[in-house]
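> structure, please.
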Amino acid sequence: MFLISLSSLSVLIYQKDNQKREIKEDLIELSNIQYGLFNVDEWRNILADIIAKKIDELEVEGKNKEQLRDRISSFLHKVIGDFEKRYFEGNKGSIKGFIKNIGASSFDIFGEMKQSIPVFTDQIIGFLDDPRNKENLKSYLKDKLDEYAYNTFSKLDYSSHDAIISKYNFENRSSTISALNIRLSTLQQASNNYKYILVLLAALTAAFILFTKAISKNEFLLLTLTCLLFLILGLTLPMIEIDARVSEIKISLLGEQIQFQDQVLYYKSKSIVEVIRLMVLQGGFDLLLVGLLVFVFSILFPLSKLFSSIYLIFSPSIKSNKLVLFLVNKTGKWSMADVMVVAIFMSYIGFSGILTEQLNQIEGLSSNINVLTTNKSSLQTGFFAFTAFAMLSLLTNNKLKGLVNRKTENKE
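Below is the predicted model:
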């Protein structure tokens, strides 16, 4: 009954963790910084909105109107004055030019133009204040932004981005992210409840081993299969989740506040089996060798030890078999499961420390930009399951010696 309950619980944990992992990976992809802070399309839309807002806020009335009138009038006076000076200087040295200068002076052409400056000023102000012209200006600037972005930056591949949005039947990225966060939170709560029960069962199993003086072969079989379940979970579920992101960044541009949230810089989460597969299939000779070593020490030796222990208990006649004795007594040292657990834990601490330090440096890059970073790296279910296997395996192996010796004495 205990083994059935533990098996059912293991299946539930595996299913929930994989569902959670799938949603988390989709969420990470949509939250990647390439679609936000480092996305030219995003910045183009932001700048277009800011420019449109500034054009809408252009009010040609009251004090602003008088200031604008003075600036336009001064500008027109300067332009007409400069044109008058160039006109008279350019016509010097020829009879035709002399006649033009006399005519311009006689009819006071430039004087008339200067007197008409208030009329020109009102026409310009009226043009700027016309809603139709504002819309035309917005369209023109937006087209220019699109043109500059297209000619300057390479086009971003949105295939994965669009596939995820289509997968969950949402309209845009923001609504998809919000919905996935809710789903992930629900799955996380359910997964945590199952994990608490798993930890409790592991603790009860350890207590049974420690406080039971002598165990039967059926009890040993039960303990070995329990260790096997923890080993399978430890090998197939992720052990460490490395997650570095900018939780919030605020930038002031043209008097407007621009804000980005949850911009993922780096994310990686792999199980031992996935790491081995990756090194064997995609790496060079050095990675292939490391992958094979990890396979031997973390999978082959622990499994062979567990099955050899069962074989030894139910067939004590093979006690003198050197291969079985090696697998039972020696592979435990070679597999170094406890050392591996410590190494993984120290790796987590190291990664966490490095990421935190680097993210803190990002926060101090500029006083004009408000950056808040976060390190969401965490140990995952695979680590705790593998740790439970290592501890229970060591405890069970100690009981194995007493059980084998007792059966041999009874036989004699």
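> can you name the element that comes right after the biggest helix by length in the chain?
Counting residues, the longest helix in the chain under DSSP state H turns out to be helix 173-211. Next helix or strand after helix 173-211 toward the C-terminus (DSSP states H and E): helix 217-236.
> list the buried ones in whatever helix or strand comes next after that following helix?
Going down the chain from helix 217-236, the next helix or strand is strand 240-253, by DSSP H and E. Within strand 240-253, the residues scored as buried using 16 or more other Cβ atoms under 10 Å are Ile240, Glu241, Ile242, Asp243, Ala244, Arg245, Val246, Ile249, Ile251. In this view, the C-beta of every residue, glycine as well, is placed from N, C-alpha and C.
> any chance of the residues you listed in TSV, plus distance to Glu84?
Formatted as TSV, the buried residues of strand 240-253 follow (distance: Cβ to Cβ, whole Å):
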residue	distance to Glu84
Ile240	78
Glu241	74
Ile242	71
Asp243	69
Ala244	65
Arg245	63
Val246	58
Ile249	53
Ile251	47
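> and which of these is nearest Asp130?
Proximity of these to Asp130 was ranked by Cβ to Cβ; the top entry is Ile251 with 32.6 Å.
> what sits closest to that closest one if chain neighbours are left out?
Spatially, and ignoring its direct neighbours in sequence, Ile251 is nearest to Ile258 (4.5 Å; Cβ to Cβ, 6 or more residues apart in numbering).
> relative to helix 217-236, how tilted is the longest helix of the chain?
With axes from the mean of the first three to the mean of the last three Cα atoms, to 10 degrees defining the directions, helix 173-211 sits at 150 degrees from helix 217-236.
> re the thing from before, what's the local residue count around the residue nearest to Ile251?
By other Cβ atoms under 10 Å, 18 other residues sit near Ile258.
> next, the contact list for it, please.
Residues near Ile258 by Cβ atoms under 8 Å, 6 or more residues apart in numbering: Ile46, Lys250, Ile251, Ser252.
> of those, closest to Ala390?
Of all the contacts of Ile258, the one with the least separation from Ala390 (Cβ to Cβ) is Lys250, at 45.9 Å.
> surely the closest one touches Gln257?
Yes: shown here, Lys250 and Gln257 form a contact pair, counting by Cβ atoms under 8 Å, at 6.1 Å.
> about what we covered before: okay, among the buried residues of strand 240-253, which ones form the most distant pair?
For the buried residues of strand 240-253, the farthest-apart pair by Cβ to Cβ is Ile240 and Ile251; their separation is 32.6 Å.
> quick check: buried residues in the helix or strand hosting Gln257?
Using DSSP H and E, Gln257 falls within strand 256-270. Going by neighbour count (16+ other Cβ under 10 Å), the buried part of strand 256-270 is Ile258, Phe260, Asp262, Gln263, Val264, Leu265, Tyr267, Ser269, Lys270.
> got the CA positions of the next helix or strand after it in CSV?
Counting by DSSP H and E, the next helix or strand C-terminal to strand 256-270 is helix 272-282. Provided in CSV are the C-alpha atoms of helix 272-282 (Å, rounded to 0.1, in the frame of the first residue of the first chain):
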residue,chain,number,x,y,z
ILE,A,272,20.4,14.9,-15.4
VAL,A,273,19.0,12.8,-18.2
GLU,A,274,18.5,15.9,-20.4
VAL,A,275,22.1,17.1,-19.7
ILE,A,276,23.5,13.7,-20.6
ARG,A,277,21.5,13.5,-23.8
LEU,A,278,22.6,17.1,-24.7
MET,A,279,26.3,16.3,-24.1
VAL,A,280,26.2,13.0,-26.0
LEU,A,281,24.3,14.2,-29.0
GLN,A,282,25.4,17.8,-29.5
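> what angle do the very next helix or strand once past helix 272-282 and helix 272-282 make?
Note on helix 272-282: by DSSP H and E, the next helix or strand toward the C-terminus is helix 285-295. Taking the same axes, to 10 degrees, helix 285-295 and helix 272-282 form an angle of 150 degrees between their directions.
> list of residues touching helix 285-295?
Contacts for helix 285-295 (Cβ under 8 Å, 6+ apart): Ile272, Val275, Ile276, Arg277, Leu278, Met279, Val280, Gly283.
> in stretch 100-117, what counts as buried?
Under the neighbour-count criterion of 16+ other Cβ under 10 Å, stretch 100-117 has Asn101, Ala104, Phe110, Met113, Lys114, Ile117 buried.
> in helices, which of those residues appear?
Those of those lying in helices (DSSP H): Asn101, Ala104, Phe110, Met113, Lys114, Ile117.
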